[in-house]
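Trainee: Next comes the sequence, and after it the predicted model I'd like to discuss.
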Amino acid sequence: ETGVTQSPTHLIKTRGQQVTLRCSSQSGHNTVSWYQQALGQGPQFIFQYYREEENGRGNFPPRFSGLQFPNYSSELNVNALELDDSALYLCASSLAKTGELFFGEGSRLTVL
Amino acid sequence: AQSVSQHNHHVILSEAASLELGCNYSYGGTVNLFWYVQYPGQHLQLLLKYFSGDPLVKGIKGFEAEFIKSKFSFNLRKPSVQWSDTAEYFCAVMSWVINTGTASKLTFGTGTRLQVTL
């Protein structure tokens, strides 16, 4: 176990809807990152939050947004869902200066 | 821009066979490299990492990897695989945010699916 928990584990949405995914970081970690893993692919970096501010962003449109809270937990929000958003969404926590990421088990999103 | 290539997409080995999975990276900054494993239905787990020092890195479960700077490679090896090593293996390179000195993103390869037969 990594101490990183994500919810929900599975969910189904329809095109155009909005979704919020949640992540609780490992105790003591001050950085949280989100990744999208499509079927048969490696995880793709969405963005990272450090001290409640975005600290880097991958090649994802603005309808992907996030928050980090004072307790270092985090949310990933996706608006106007598209079919291609169907994927496993991974949250990872870390200490900002060390770089080693600890991943949760992911939230599997299916968009119909 | 950084990138990682894993040329072996699917590898099938018999138990006790030796394993080598290829990983080549492209990154202009300080190189920090990782191998992660994803067992079926489980989260990504760190196998080993290279930050500096000895280019031969030993990880968990008998895995090791060698960083060869001149070849931009970080191949994963295991002398004798077990059925329980059946999983997806990902190589990744870490980027750093210069102005904050913080670790930024991992860029992953597409993964290698290892299937070990009895």
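Mentor: Arrived safely, thanks for sending. Numbering: from 1, shown residues only, chains lettered A, B, ... in the order given.
Trainee: switch to C-alpha atoms for all contacts and neighbour counts from now on
Mentor: Noted.
Trainee: For the chain, which segments are assigned as strands?
Mentor: In the absence of a named chain, chain A is used. For chain A, the strands defined by DSSP state E occupy A:5-7, A:10-13, A:19-24, A:31-37, A:44-50, A:53-57, A:64-68, A:74-78, A:87-94, A:102-103, A:107-111.
Trainee: The chain in question should be chain B.
Mentor: Counting by DSSP E, the strands of chain B are B:3-5, B:10-14, B:19-21, B:24-26, B:32-38, B:44-50, B:56-58, B:64-68, B:73-78, B:87-97, B:102-108, B:112-117.
Trainee: mean pLDDT for those strands: which is lowest?
Mentor: For those, mean pLDDT drops lowest on strand B:102-108, to a mean of 82.
Trainee: and the strands of chain A as a markdown table, adding mean pLDDT?
Mentor: Rendered in a markdown table, the data for those read as follows (pLDDT from 0 to 100):
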| stretch | mean pLDDT |
| --- | --- |
| strand A:5-7 | 95 |
| strand A:10-13 | 97 |
| strand A:19-24 | 97 |
| strand A:31-37 | 94 |
| strand A:44-50 | 93 |
| strand A:53-57 | 88 |
| strand A:64-68 | 95 |
| strand A:74-78 | 97 |
| strand A:87-94 | 94 |
| strand A:102-103 | 91 |
| strand A:107-111 | 97 |
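Trainee: nearest to residue B:51, of the ones you listed?
Mentor: Distance to residue B:51, taken as Cα to Cα, is lowest for strand A:87-94 among these, at 15.7 Å.
Trainee: Which residue would you name as the spatial centre of chain A?
Mentor: Of all residues in chain A, the one closest to the mean position by Cα atoms, centre = their mean is residue A:34, 3.2 Å from it.
Trainee: which residues touch that residue?
Mentor: The neighbours of residue A:34, taking Cα atoms under 8 Å, 6 or more residues apart in numbering or on different chains as the test, are A:45, A:46, A:47, A:48, A:76, A:89, A:90, A:91, A:92.
Trainee: nearest to chain A, of the strands of chain B?
Mentor: Nearest to chain A, of all these, is strand B:102-108, at 4.9 Å by Cα to the nearest Cα.
Trainee: Show me how far that closest one is from its chain's centre.
Mentor: Counting by Cα atoms, centre = their mean, to the nearest Å, strand B:102-108 is centred 14 Å from the centre of its parent chain.
Trainee: what residues does it touch?
Mentor: Contacts to strand B:102-108, defined as Cα under 8 Å, 6+ apart, come from residues A:33, A:42-45, A:47-48, A:55-56, A:96-99, B:2-4, B:90-97.
Trainee: can you check stretch B:52-66 too?
Mentor: Counting contacts by Cα under 8 Å, 6+ apart, the residues touching stretch B:52-66 from outside are B:32, B:47-50, B:67-68, B:73-78.
Trainee: Now do the buried residues in it.
Mentor: By neighbour count, with 16 or more other Cα atoms under 10 Å in any protein chain shown as the criterion, the buried positions of stretch B:52-66 are B:57, B:58, B:59, B:63, B:64, B:65, B:66.
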